[in-house]
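S.K.: Have a look at this fold, sequence not included:
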């Protein structure tokens, strides 16, 4: 399979973007793949680490309790997938059981359904194979970092293979009071049930417990000037926890004559809890004080998804077709309660110079209590046409029936909405030579009024059509050499059906509310046998095209979208045993919200690594982050959730194969 053809930092192809094994060169869409080798060489520990090397996507602070990303100017907490199936609960994902991370840019509803406005991130999990795998990874580092992971697998016999990935981590942080503990285990099994049938099953238990860190507030349009370790609020009163139990299965049967059936199912149960006592506003320039906020949120979600794909390859005269017919059915049941923090004596304030809140707080007041059930029924048809050795086309369309039943338990109000959008996709590819493709594409996505987390449906917005996103893109892909790929893309992404206040008080209307234009460049793979690179550059111009409130006006820059970003990781192998790496990450200045009143300055950060192999079975690795101890601000969530970047820190890792 092309999806398993990985050479160092380069990936030849994937199946996620088209449902079929397709070379990246033949896919009319900007795609960045973070391979297992790159994850290992950089000692990536989070989704934020991976996003740094993905042009066109930037990380958001996520209120200190979840992964959040901004895809071509569109913020999302739900456009995350595991093996092509939605994994949309708000939590921090780990890479212990991940083969690679795939970032697909541009509207992607034809493949993934709702959301995917500016792109999606898909994690590909490790599966049981018929070759032995015996690996252990032990790492220690700054701020009491301790982590161990194992990856064990082998064939039991000619038909059956098993594999187990497991991990445990216990770490502090450069931020005062911060601590995390997480662990996971993921056994998988593969069974060759006959000559043409393969069944793979997997189970994962994962849990993450940490302090919820909302970062720093602002003052006079800039991050408040204090030591980057300063915690605002109370760390001991800000616990976060998530529990995940997921079962997945993949059945593939080859009927012969170019016909293949694939069925994938995932059942996942999530239990998410987080509580915050945090800075509830900006620092007052007059008093030097700021408000304290607090709330507790509990979410339980059960996801049930099943996808069936029928793939058929055939030739009709000179034209070759790769047809994909598919259907997806799903059910998402969500139960959520939010409780506001109540302070004795009313809303307190605290001095910014000593921002540890030591007073009392209770969480007896329920501010929202709701339950929702979402039903998904989708069908799609796609044709990948090879018109000649030089010309290819991709044509597809998807129909979704997305129904949400929402019940407000505080008011007993019940709402129900059914959306039936159609999501087309079209792409044309010209290959002047076999190693170069020039493409143009159009795709569309939709976002229901229930939002990323299925909790935003209201009497006010239920009658409006979903938001719509239209992506126009052109690009060039060049396989410079075996194992080295260069890409370039230009795009325009328009957001319409945005709700804004109408001319008459108390009314709302739909407008074309936002546009994003940009350029993305990527380079990954081996420049020489000893020199590997991964990185890219992005230019993004994202702005509002209509007034959205009294303070959010047309022409404002979209929050947290830098005009320029650049990243490049270089690894050089001095000899068979010794290697070294140097990475540079640049991010332009960003506004923290669409009000455009608080600005985070640009920064450049340098990272490095050393590698030394001891025999054939052991490798020592030293990663140093922020080599020159640059002070910078990494991300934000609004004007007063600003996360400072980590100071110089190190991580020493022992990789053992046995």
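M.R.: Arrived safely, thanks for sending. Just so we're clear, the structure is a prediction, and the values are computed from it rather than from any experiment.

S.K.: all strands for the stretch 501-650 of the chain, in order.
M.R.: Applying DSSP state E, counting those that start in this stretch to the stretch 501-650 of the chain gives strands spanning 508-511, 514-526, 531-544, 564-573, 578-587, 590-591, 599-600, 603-614, 618-625, 633-636, 642-644, 649-657.

S.K.: And the ones you listed, which one averages the lowest pLDDT?
M.R.: Across these, strand 508-511 has the smallest mean pLDDT, namely a mean of 82.

S.K.: Tell me how many other residues surround the residue nearest to residue 260 when sequence neighbours are not counted.
M.R.: The shortest distance from residue 260 to any non-neighbouring residue, by C-beta to C-beta, 6 or more residues apart in numbering, is to residue 311 (4.5 Å). The C-beta positions use only the backbone N, C-alpha and C, and glycine is treated the same way. Residue 311: 22 surrounding residues under other C-beta atoms under 10 Å.

S.K.: what are the bridge partners for residue 311, then?
M.R.: residue 260, residue 324 (DSSP bridges).

S.K.: what's near enough to touch it?
M.R.: Contacts for residue 311 (C-beta atoms under 8 Å, 6 or more residues apart in numbering) come out as 19, 20, 259, 260, 261, 262, 322, 323, 324.

S.K.: 7 Å instead?
M.R.: Residues near residue 311 by C-beta atoms under 7 Å, 6 or more residues apart in numbering: 20, 260, 262, 324.

S.K.: Relative to residue 574, how far out is the first one?
M.R.: Going from residue 20 to residue 574 by C-beta to C-beta, to the nearest Å gives 41 Å.

S.K.: Same drill for these two, tell me which one is more crowded.
M.R.: Neighbour count, other C-beta under 10 Å: between residue 20 and residue 574, residue 20 has more, with 20 against 12.

S.K.: correct me, but that one touches residue 324?
M.R.: Yes: using C-beta atoms under 7 Å, residue 20 is in contact with residue 324, at 5.8 Å.

S.K.: Return the per-residue confidence for the most centrally placed residue in the chain.
M.R.: The centre of the chain sits closest to residue 121, judged by C-alpha atoms, centre = their mean, with a distance of 4.4 Å. pLDDT for residue 121: 97.

S.K.: Across the sheet, point out what pairs with it.
M.R.: residue 80, residue 103.

S.K.: cool, residue 474 as well?
M.R.: Beta-bridge partners recorded for residue 474 (DSSP bridges): residue 440, residue 490.

S.K.: After the worst-scoring helix or strand of the chain on mean pLDDT, which helix or strand is next?
M.R.: Using mean pLDDT, DSSP states H and E, the weakest-scoring helix or strand in the chain turns out to be strand 6-7, at a mean of 60. The helix or strand immediately downstream of strand 6-7 is strand 10-11, counting by DSSP states H and E.

S.K.: looking only at pLDDT, what's the mean for the helix or strand following that following strand?
M.R.: Next helix or strand after strand 10-11 toward the C-terminus (DSSP H and E): strand 13-14. Strand 13-14 comes out with an average pLDDT of 96.

S.K.: any idea how far strand 13-14 is from the chain center?
M.R.: On the basis of C-alpha atoms, centre = their mean, to the nearest Å, strand 13-14 sits 18 Å off its chain's mean C-alpha point.

S.K.: And the strands of the stretch 501-650 of the chain: which comes nearest residue 315?
M.R.: Of all the strands of the stretch 501-650 of the chain, strand 514-526 sits nearest to residue 315, with 32.3 Å by C-beta to C-beta.

S.K.: Mind listing residues that contact the closest one?
M.R.: 7-10, 30, 32, 55-56, 72-73, 105, 483-495, 498, 532-545, 558.

S.K.: Show me which of the residues you listed are buried.
M.R.: 7-10, 30, 32, 55-56, 72-73, 105, 483-491, 493-495, 498, 532-540, 542-545, 558 (16 or more other C-beta atoms under 10 Å).

S.K.: what's the closest non-adjacent residue to residue 486?
M.R.: For residue 486, the spatially nearest residue (C-beta to C-beta, 6+ apart) is residue 478, at 4.8 Å.
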